[in-house]
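> Test case, fold it:
(one chain, ligands or ions: 1)
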Amino acid sequence: MGSSELIFRGHDETQPTPDAYSPKPAKPWLFVIRPVRYLLREKRLVFFLVGMAIATVFFTILPSSSPHAHKYDPLPDSFSHISHELTTPVRYKYYEPLQVGFQSANSGGKIPLGLKRKGLRIVVTGGAGFVGSHLVDRLIARGDSVIVVDNFFTGRKENVMHHFKNPRFELIRHDVVEPLLLEVDQIYHLACPASPVHYKHNPVKTIKTNVVGTLNMLGLAKRVGARFLLTSTSEVYGDPLQHPQVETYWGNVNPIGVRSCYDEGKRTAETLAMDYHRGAGVEVGVI
Ligand SMILES: O=c1ccn([C@@H]2O[C@H](COP(=O)(O)OP(=O)(O)O[C@H]3OC[C@@H](O)[C@H](O)[C@H]3O)[C@@H](O)[C@H]2O)c(=O)[nH]1
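Numbers count the residues shown, from 1 in each chain. As a prediction, this is how the structure comes out:
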């Protein structure tokens, strides 16, 4: 075959061309007819209607799940205000998530109708102490999985040992001044010597726990996208000149006194919480 034959593709104009392309006439209703025809074929319409009916019955009859649906409340009435404060989001000081790049998927918010509330993974530092152990009781009863991190400085294993056989409970002996990596949705940070006799016992350790411990826990919250709660103290007001203290009051603190390791430690912990919130978008609460 010559090169001219390869290049020349013309045909004799007079010859009939049986395979010539002739466009089909346009069917304007085709996009409507096709789905209708599909539904009518093999009783698909019946199945579709039955499915709709089942879904309607399911979502109408089933009650909406709620995070407060548990009937069991292990706390005596005298503690209910504490547990309420610790397990409901809005309290003394609460900071909403910043809009920039923060996912609040871990916050355990409102649950769509018909879906069961998924238990959260929560770490409670200082969970073997007085406030912490009652908080743990409440979280476990609510259906969450709890990891207690405590160095047992003042806390006791006995405070949480009734949960030892519960697969949703774990206890780690750990000092929060050392970093720790855990996959959790929420962090309740309580670990700290709380009474004067304990926090004055080793003031350097007290302020270290408040500053370095809180830094570690906020770092963890940032890393895993967890919500963070700091239990602060009224000691952050020092010798207050105003009674009662309102949130806008900044206090009257002696920075060089024997109690300063605790007061200033907690104040710095509050500062760190706010800086992680503003700077890194961590969702924090301070009570
Ligand atoms: O370095 C430390 C110090 C203390 N802890 C633990 O932290 C827990 C503190 O519990 P405590 O019973 O002493 O104190 P409370 O539960 O009364 O107060 C706790 O909650 C309220 C906050 O204001 C306090 O700062 C906080 O410690 C203990 O389990 C203790 O062992 C640590 O895990 N690490």
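> Helix or strand next in line after the longest helix anywhere in the chain, which one?
Secondary structure assigned by DSSP state H gives helix 260-280 as the longest helix of the chain. Moving toward the C-terminus from helix 260-280, the next helix or strand (DSSP states H and E) is strand 284-286.
> Tell me where the protein has helices.
Under DSSP H, the chain gives helices at 3-7, 30-40, 44-61, 77-87, 130-142, 196-201, 203-208, 214-224, 260-280.
> coming back round to it: hmm, who's touching the longest helix of the chain?
Residues outside helix 260-280 that contact it (CB atoms under 8 Å, 6 or more residues apart in numbering): 95, 98, 189, 192-193, 196, 199-200, 203-204, 206-207, 209-211, 214-215, 218, 221-222, 228, 230, 232-233, 235-236, 238, 251, 253-255, 257, 282-284, 286. Where C-beta positions appear, they are placed from N, C-alpha and C, glycine not excepted.
> Next up, the contacts around residue 130.
For residue 130, the contacting residues are 159, 194, by CB under 8 Å, 6+ apart.
> mind checking pLDDT for it?
Looking at residue 130, its pLDDT reads 98.
> And it, how far from residue 225?
Distance, residue 130 to residue 225, using CB to CB, to the nearest Å: 30 Å.
> Over to residue 202?
Noted for residue 202: a distance of 34 Å to residue 225, by CB to CB.
> Residue of the stretch 151-287 of the chain nearest the ligand, please.
Residue nearest to the ligand within the stretch 151-287 of the chain (CB to the nearest ligand atom): residue 155, separated by 2.0 Å.
> Give me every residue in the stretch 51-200 of the chain lying close to the ligand.
Contact residues (CB under 6 Å from any ligand atom) of the stretch 51-200 of the chain with the ligand: 125-126, 128-132, 150-155, 175-176, 190-194.
> Now do the end-to-end distance for stretch 154-161.
From its first residue to its last, stretch 154-161 covers 16 Å (CA to CA, to the nearest Å).
> Kindly report the same for stretch 225-232.
Using CA to CA, the end-to-end distance of stretch 225-232 comes out at 22 Å.
> and it, anywhere near the ligand?
Yes - Stretch 225-232 is in contact with the ligand by CB under 6 Å from any ligand atom, via residue 231.
> Identify the residues contacting the nearest residue in space to residue 221 that is not next to it in sequence.
Distances taken as CB to CB, 6 or more residues apart in numbering place residue 228 nearest to residue 221, at 4.1 Å, with adjacent residues excluded. Listed by CB under 8 Å, 6+ apart, the contact set of residue 228 reads 186, 187, 189, 217, 218, 221, 273, 276, 282, 283, 284, 285.
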